[in-house]
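Participant: Turn this into a model:
(chains A, B, C and D)
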4 protein chains.
Amino acid sequence: MADVVKVAIAGAAGRMGAEAVKAVEGADDMELVATLTREDSLEKLVTSGAEVLVDLTVPSSTEANVHFAVEHGIHAVVGTTGWSEEKLETLRKKLEDHPEVGVLIAPNFAIGAILATEFAAKAARYFESVEVIEMHHPNKVDAPSGTAAHTASKIAAARAEAGVAASPDATETDQGGSRGADVDGVRVHAVRLRGLTASQEILLGDQGQQLVIRHDSFDRVSFMPGVLLGVREVAKHPGLTHGLDHYLGL
Amino acid sequence: MADVVKVAIAGAAGRMGAEAVKAVEGADDMELVATLTREDSLEKLVTSGAEVLVDLTVPSSTEANVHFAVEHGIHAVVGTTGWSEEKLETLRKKLEDHPEVGVLIAPNFAIGAILATEFAAKAARYFESVEVIEMHHPNKVDAPSGTAAHTASKIAAARAEAGVAASPDATETDQGGSRGADVDGVRVHAVRLRGLTASQEILLGDQGQQLVIRHDSFDRVSFMPGVLLGVREVAKHPGLTHGLDHYLGL
Amino acid sequence: MADVVKVAIAGAAGRMGAEAVKAVEGADDMELVATLTREDSLEKLVTSGAEVLVDLTVPSSTEANVHFAVEHGIHAVVGTTGWSEEKLETLRKKLEDHPEVGVLIAPNFAIGAILATEFAAKAARYFESVEVIEMHHPNKVDAPSGTAAHTASKIAAARAEAGVAASPDATETDQGGSRGADVDGVRVHAVRLRGLTASQEILLGDQGQQLVIRHDSFDRVSFMPGVLLGVREVAKHPGLTHGLDHYLGL
Amino acid sequence: MADVVKVAIAGAAGRMGAEAVKAVEGADDMELVATLTREDSLEKLVTSGAEVLVDLTVPSSTEANVHFAVEHGIHAVVGTTGWSEEKLETLRKKLEDHPEVGVLIAPNFAIGAILATEFAAKAARYFESVEVIEMHHPNKVDAPSGTAAHTASKIAAARAEAGVAASPDATETDQGGSRGADVDGVRVHAVRLRGLTASQEILLGDQGQQLVIRHDSFDRVSFMPGVLLGVREVAKHPGLTHGLDHYLGL
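Facilitator: Prediction:
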């Protein structure tokens, strides 16, 4: 890839897409060569000379977009949801025929949130107790958040691997369920508060000490450094990568 | 009362009592004139010339101790639990015959915890959302903590009085009860973590802003300034006072 | 005043003004009857039938705007800076001739920030140590923030009044000034961090306990509840009121 | 080494030593075979059959203790300060003649504090801004803390290596030094507060997000898991290891 990466953005009219357009335009080492909305033909990817496709579309479009890109030797950075294990497997097969092409499927572009989860999982074996608190705006319909459940699962797996016992808990009576949800043996609490966007706090406790790892996302713009990192790194990682954490060198 | 207050401590052999002995001995404006354990006769209160009794005994002893003190014109600062509404009423009647004597019954001597609750209740009417998180050592058998439930109740009452709607919450699915307990319409979450003693955090949220009030108790010694404040103030407040908050001039 | 308050907004084209227009339009108990930019004549206030003027203009305009309003029996809620003690005094004199008119000059409309300061000042006498940390975006040119300095001054005054000693500090060597600024004897620390808007944290510590009061402003919209509170209350407070805290019933 | 490690503790009469005695006695996989105070001969190490020496003595004793242990094939876990680069080099040479012996010199046994520093250094390249706040009891004579300065240095080195620019800061006027100390280009703030023991908070900020990593040490007992980890791991790491972080598999 040349010094300046040629980028196309699909889903450019959506909220994430619009942020991505601004982010790529603002990056010195990138050139935005095409923006695609649902009306545009995928041929635009080829004619524009794009080296990397950023796909921020919808579940019904993303698979076709990515396969088209791979077939034309264009790397892809994908934030769209809806990639089942079956679809991922089909894509892996396709990539075997295009061994120089890289695809990143990233369920989460917030580097800080990914780091928080990874750090918590690494630290979890060294602390007797661990719990997770996630805090979101009150319009969110599901609890706990997918990110918090994912964090709890990774923590539980890391503790199991290290042979660490469950967090101690002498609770005998719990009026109304104040102790939260049990996700793989890790307690997860969900707070809903006007003014917040998306926050996650992992509390790790041991005799005489506490380690707290907290991530706050205030704005959608917080995902853009992750998108740009994906664009910069995807060509160096041929094949399918699932999760931006694999690019973070942790 | 003279410049130096003469103090007797009942329950001096207990953990709180032992701390109180040290605290009173360390206070320039107090003189420890008697310490009572369960073997001692209450007459010691009179012979020692005590002006204030600090009662840190057990539910089965405290009522007799306080009535004896009142009958002998000795003020009382009481941290012992077990004072039912019925017992309080009997004490109120007794105090009518001794109008110069003050008794403080304090369920909580941690000034910081009391302030946290009071501030949260005052602020609650100005925020769309409010939730409470309490955090304790994992040997605690009940959840949520009495302090947190009390805080939630005071917040709910303040909001009701101001005509504020319930905190918004669009939750449709909650796997495993992550949203915590509902105490008078205020969500309360209980964390259990090795290393902590007793903490309470009140989160208040509104469009574009958040107010967080947090109290951490690291050690039993944190109750002593409240005990000393009680000793200094009790003579100025004849009759029965229930709760140290009434001495804090809020 | 009728059930619905008729409101005019001066400085409607500015960033705060634009937010205020949206906020007043969204309030059931208010009617926006006029918006003024610098081209508009103040006569518009009278012809529109405005009962309350919200002035969010510039220091060179605000004084004339407010005097005009007062002379025409219109209450004023003022967020513009530049009101020197001299100008306030002139306004107080003018209001003596219009005893039914109320004017609120509010240096800060963020209710949460005001509450944080007031609570900290109330709590400060009960804690041996107190320090202030303010955190802002890195484009801010002055440090510490005016709000933090104001909070420190109020804390210092409250402690002086209660006869509390200065916070203990055994520091003998301080490489590079890590202990922060001394504002009336209270240490103030200023953090500059991309992603933040405006936050303030007051730490109060004593033997075995800590009380933390923190306010985060994420967005300019956080000032609007304070503006609306001002509009609702100003008619009930004839004369000059300096600071929204006087309307909060603390 | 057998399933149960035979441990000797030098400096057993000191505060850290006394905690270590309790910790080793409480560990199922260790046997405390000797405790040494300054009166004891080092021969006790040999006659007791110790496999690991835990040295928690004083700078004037530690070097001789460790050399004696190495010469007798006994591993050493050392918490004593005073190991200059020169002394470390002499020890490295000595260990070349005893290639099966491991020595751990650990300036800090608090696993949580070490993790906080390591995580902050790993995350630092992904955030535009980073600052450090350390909080200690007010009897501390130096500021900022060695741990915080060490953290700032590691952060600065990691950012330099990744080619990240300095944290942005538009400050033009700073009354009294509220912006803290500059440690290798990273701002460090020191808070002194009664009630705290030792806390460290690293704030990392970027467009629309914040990552906070915080460690609180409430008690000397928080160092013991690190001491025990050292005892368990030292035999697997022949030669000299400087810093417990090398045992944490990060």
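Participant: Could you check which residue of chain A lies nearest chain C?
Facilitator: A:Phe218 (5.7 Å; Cβ to the nearest Cβ). Just so you know, the C-beta spots here come from the backbone N, C-alpha and C atoms, and that holds for glycine as well.
Participant: Flag every residue of chain A that's near chain C.
Facilitator: A:195, A:216, A:218, A:222 (Cβ under 8 Å from any Cβ of the partner chain).
Participant: show me the contacts for the closest residue to the residue of chain A closest to chain C other than its chain neighbours.
Facilitator: The shortest distance from A:Phe218 to any non-neighbouring residue, by Cβ to Cβ, 6 or more residues apart in numbering or on different chains, is to D:Gly208 (4.9 Å). Counting by Cβ atoms under 8 Å, 6 or more residues apart in numbering or on different chains, D:Gly208 makes contact with A:217-222, C:195.
Participant: Where does confidence bottom out across those residues?
Facilitator: Of all the contacts of D:Gly208, A:Arg220 has the smallest pLDDT value, namely 81.
Participant: That one and A:Met16 touch, don't they?
Facilitator: Yes: the pair A:Arg220 / A:Met16 is scored as a contact, 6.6 Å apart, by Cβ atoms under 8 Å.
Participant: With neighbour numbers in mind, choose between these two.
Facilitator: Set A:Arg220 next to A:Met16 and count neighbours by other Cβ atoms under 10 Å in any protein chain shown: A:Met16 wins out with 20 against 17.
Participant: That one is in contact with A:Asp219, isn't it?
Facilitator: No: under the criterion of Cβ under 8 Å, A:Met16 is not in contact with A:Asp219, lying 11.9 Å apart.
Participant: where in chain A is pLDDT low?
Facilitator: A:1-2 (pLDDT under 70).
Participant: That one: strands as residue ranges?
Facilitator: Remark: strands assigned in chain A by DSSP state E are A:5-10, A:30-36, A:52-55, A:75-78, A:102-105, A:129-136, A:142-143, A:173-174, A:181-183, A:186-192, A:198-206, A:209-217, A:239-242.
Participant: so which of the ones you listed gets nearest B:Ser60?
Facilitator: Closest approach to B:Ser60 among these is made by strand A:173-174 (23.3 Å; Cβ to Cβ).
Participant: what packs against that closest one?
Facilitator: Other helices and strands packing on strand A:173-174, by 3 or more Cβ pairs under 8 Å, 6 or more residues apart in numbering or on different chains; DSSP states H and E, are strand B:142-143.
Participant: Tell me the strands beside the strand it packs on, with direction?
Facilitator: strand A:173-174 (parallel) (DSSP bridges).
Participant: would you turn the strands of chain A into CSV with mean neighbour count?
Facilitator: Shown next, in CSV, are those (neighbours: other Cβ atoms under 10 Å in any protein chain shown):
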stretch, mean neighbour count
strand A:5-10, 26
strand A:30-36, 20
strand A:52-55, 28
strand A:75-78, 28
strand A:102-105, 25
strand A:129-136, 26
strand A:142-143, 22
strand A:173-174, 12
strand A:181-183, 20
strand A:186-192, 26
strand A:198-206, 25
strand A:209-217, 25
strand A:239-242, 18
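Participant: what separates the closest residue to A:Lys94 other than its chain neighbours from A:Gly239, distance-wise?
Facilitator: Once flanking residues are discounted, A:Lys94 sits nearest to A:Val70: 5.6 Å by Cβ to Cβ, 6+ apart. According to Cβ to Cβ, to the nearest Å, A:Val70 stands 11 Å off from A:Gly239.
Participant: Show me the common contact partners of these two, please.
Facilitator: Both A:Val70 and A:Gly239 are contacted by A:95, A:103, under the criterion Cβ under 8 Å, 6+ apart.
Participant: Chain D versus the spatially most central residue of chain A, what's the distance?
Facilitator: Geometric centre of chain A, nearest residue: A:Asn108, 1.5 Å, by Cα atoms, centre = their mean. Per Cβ to the nearest Cβ, to the nearest Å, A:Asn108 is found 12 Å from chain D.
Participant: The spatially closest residue to that residue that is not a sequence neighbour - how many residues pack around it?
Facilitator: Distance criterion Cβ to Cβ, 6+ apart; nearest residue to A:Asn108, sequence neighbours excluded, is A:Ile114 at 6.0 Å. For A:Ile114, the count of nearby residues is 26 (other Cβ under 10 Å).
Participant: what's near enough to touch A:Val186?
Facilitator: Listed by Cβ under 8 Å, 6+ apart, the contact set of A:Val186 reads A:130-132, A:152-153, A:155-156, A:167.
Participant: Great, nothing more from me.
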